[in-house]
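# Sequence first, predicted coordinates after that:
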Amino acid sequence: MIRLLLLLVAAFLWTHCQTAKQTQPGLLFTPATSPVVEEEKQTPTSPPSTTFVLWDKKLIDLGTVKRGEKRSMFFEFTNTSPEGVQIDLVDACECTKVDYPRRVIEPGQKGRLDVVFDSTEKEKSETVRITVVFKNTHPNGLPRIEVVEYAFELVP
């Protein structure tokens, strides 16, 4: 059951990356050297629950990106649950490489996703999702899934 769910999440993300959506209205673009953090957004893939992990940001605006340019960023989270948490897998489109901690993050400790975005194959501006699936589960047995995103405005 869990493998089927993970397969469905991966298929959704692959499809999402193949059809880039326009950057959402209201995003503020700043010089490429200083990304702006947008408000946290609720994600439909995460079932409502008590706080499991707390992200320092859930959306990073990279601003203007030239095609072929690579950008590095990170998302940091704090384990706010009473148990150790561990990431099972992280999924994102081919343009995104993610390094994440393989160890257990104890209550109160921080973890970090280091992300490198390569715009070489991109045709237009979009918001890219990174899905983080934890080994920890909800009381109903389903895996805990968190989503973080980054947005960019592609220029020639």
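Here it is on my side, so go on.
# any idea how far L154 lies from P107?
40 Å (C-beta to C-beta, to the nearest Å). Placement of C-beta: from N, CA and C, glycine included.
# how close does I105 sit to L154?
Here the distance between I105 and L154 works out to 34 Å (C-beta to C-beta).
# Lowest average confidence across helices and strands of this structure, where is it?
strand 36-37 (a mean of 40; mean pLDDT, DSSP states H and E).
# After that one, which helix or strand is next?
Scanning forward in sequence from strand 36-37, with DSSP states H and E defining helices and strands, the next element found is strand 53-55.
# Parallel or antiparallel, list what pairs with that following strand.
Pairing partners of strand 53-55, with direction, according to DSSP bridges: strand 70-79 (antiparallel).
# which residues sit against the partner strand?
Contacts to strand 70-79, defined as C-beta atoms under 8 Å, 6 or more residues apart in numbering, come from residues 32, 35, 53-58, 60, 62, 65, 85, 105-119, 130, 146, 148, 150, 152.
# among the residues you listed, which ones are buried?
Among those, those classed as buried by 16 or more other C-beta atoms under 10 Å are 35, 53, 55, 57-58, 60, 62, 65, 85, 105, 111, 113, 115, 117, 119, 130, 146, 148, 150, 152.
# Mind checking which of those land in strands?
Per DSSP state E, strands hold the following members of the buried ones among the contacts of strand 70-79: 53, 55, 60, 62, 65, 111, 113, 115, 117, 130, 146, 148, 150, 152.
# Quickly list what the fifth one is bridged to.
Beta-bridge pairing for V65 (DSSP bridges): L154.
# Could you tell me which residues make contact with it?
By C-beta under 8 Å, 6+ apart, the contact list for V65 reads A32, R71, F117, S119, F152, E153, L154, V155.
# With distance to T137 added, can I get those residues in CSV?
Below are these laid out as CSV (distance: C-beta to C-beta, whole Å):
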residue, distance to T137
A32, 39
R71, 33
F117, 30
S119, 36
F152, 33
E153, 38
L154, 38
V155, 43
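# ok, those residues vs C93, which is closest?
Nearest to C93 among the contacts of V65: F117, at 9.6 Å, using C-beta to C-beta.
# tell me which element the residue nearest to E146 when sequence neighbours are not counted falls in.
Residue nearest to E146 in three dimensions, not counting chain neighbours: V132, with 4.6 Å by C-beta to C-beta, 6 or more residues apart in numbering. Applying DSSP H and E as the criterion places V132 in strand 126-137.
# tell me what that strand is packed against?
With contacts taken as 3 or more C-beta pairs under 8 Å, 6 or more residues apart in numbering; DSSP states H and E, strand 126-137 sits against helix 2-18, strand 87-91, strand 96-99, strand 110-118, strand 143-155.
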